[in-house]
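Enquirer: sequence and predicted structure are below.
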Amino acid sequence: MNEFEEEHQSTNIKISVIVPVHNVRNFLPRLFDSLEKQDLTQAEVLFVDDGSTDGSGELLDAVAQQPHFVVRHQENKGVAAARNAALDIAHGEYICFVDPDDDISDGYVAALRGATVNTKADVLITDWWECRPGKTVPMSLSGTSEVAKGLTPESVCALVLQSDLVLGSLWAKAFAAKLFEGNRFPLQRTCSDFVPCMTAIANARTVAYVPNIHYSYTVSRKGSLQNSKSERDLCDFVDVHETVAVLIKRRYPELQPLVRFDLLRSKQQACMSACTSSVIAKRERRAVFKRFHRGLLSAVPFMWTSDYPIKGKLMYTAVSCGYVMANLAMKAKGSA
């Protein structure tokens, strides 16, 4: 236990930043540099090493004595267990999450801390940037009608279901810690954040937008779970969307068309992942595809009346036509 850990329990910790770590040694120096530039007044950064074998744990130990940094190690149990372990020791009134291969803009933590005082909202939403090799796409809520009207839990749920401006992921947000009481992460390999995130938003009293900062999300680095989904992972992916559908329809019945749209998109994505996953044998991909394909074709007219971008509608239609057409469309997209 470092000096900060000994003293901070009696200090007013406003924000706990949770960072689950597993075999990301090459990304940690950049993350450390980014965090060291932040104003971490009234903040703690909780690193949970989830049984890393690449030296990530040793890098964490090397910075463990820095003020505001807290390091814990555990056997490899998965990212959900790492986040749950961090929640168990967090002292912040608010919780935000940072993945170790991502980045946050200068002033990110300070802006969130200020917003917790100024707005007292249960959930804070920030902009995010989609970062691919050689290309960065800013996703900003600034100037949208939702922000102009004032964000609500319902409007944020609607945005998650129908757009990419707000995703059902933990990052680019801060949550009142109370929203995770009895709302922990299910111990599954992928998609463990979607249900707790949406549950927290739906249970929030108020939501506020925090401008002029952003979270930089690294899209599918080589070797990440996003590029190696098994059939079980795809089942989990669709299952969490079905769970959220029940939650949203119960809480906001008027969002039912958006719930249907989201469920169809999740099945479409599962079908597309089945076509390309590196861990599903080629001879098995058609059968896995068929498992998630049911109901897509009959919903084509519904999808064409939605606000789905034209490219999305075309890809959905191709996937709905079956395994061969889906593969042809994805190859055409990849070569475009």
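Expert: Sure, I can see it.
Enquirer: and the helices in the stretch 51-200 of the chain?
Expert: In the stretch 51-200 of the chain, helices defined by DSSP state H, counting those that start in this stretch lie at 56-63, 79-89, 108-118, 145-149, 153-162, 194-203, listed in chain order.
Enquirer: confidence-wise, which of those is weakest overall?
Expert: Of all the helices of the stretch 51-200 of the chain, the segment with the smallest mean pLDDT is helix 145-149, scoring a mean of 90.
Enquirer: mind listing residues that contact that helix?
Expert: 141, 155, 156, 159, 209 (CB atoms under 8 Å, 6 or more residues apart in numbering). Where you see a C-beta, it was placed from the backbone N, CA and C, and this is true even at glycine.
Enquirer: can you put these in JSON lines and add distance to residue 129 and neighbour count?
Expert: Shown next, in JSON lines, are the contacts of helix 145-149 (distance: CB to CB, whole Å; neighbours: other CB atoms under 10 Å):
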{"residue": "141", "distance to residue 129": "13", "neighbour count": "21"}
{"residue": "155", "distance to residue 129": "22", "neighbour count": "19"}
{"residue": "156", "distance to residue 129": "19", "neighbour count": "24"}
{"residue": "159", "distance to residue 129": "17", "neighbour count": "21"}
{"residue": "209", "distance to residue 129": "16", "neighbour count": "20"}
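Enquirer: any chance of those in a markdown table, plus distance to residue 241?
Expert: Formatted as a markdown table, the contacts of helix 145-149 follow (distance: CB to CB, whole Å):
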| residue | distance to residue 241 |
| --- | --- |
| 141 | 23 |
| 155 | 19 |
| 156 | 17 |
| 159 | 16 |
| 209 | 25 |
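Enquirer: ok, the residues you listed vs residue 327, which is closest?
Expert: The nearest member of the contacts of helix 145-149 to residue 327, counting by CB to CB, is residue 159 at 31.4 Å.
Enquirer: hang on, residue 31 in a helix?
Expert: Yes - with DSSP: H, G, I helix; E, B strand; the rest coil as the criterion, residue 31 is assigned to a helix.
Enquirer: ok, now which ones touch it?
Expert: 19, 98, 100, 103.
Enquirer: please give the element, helix or strand, for residue 213.
Expert: Mapping residue 213 onto the secondary structure by DSSP states H and E places it in strand 207-218.
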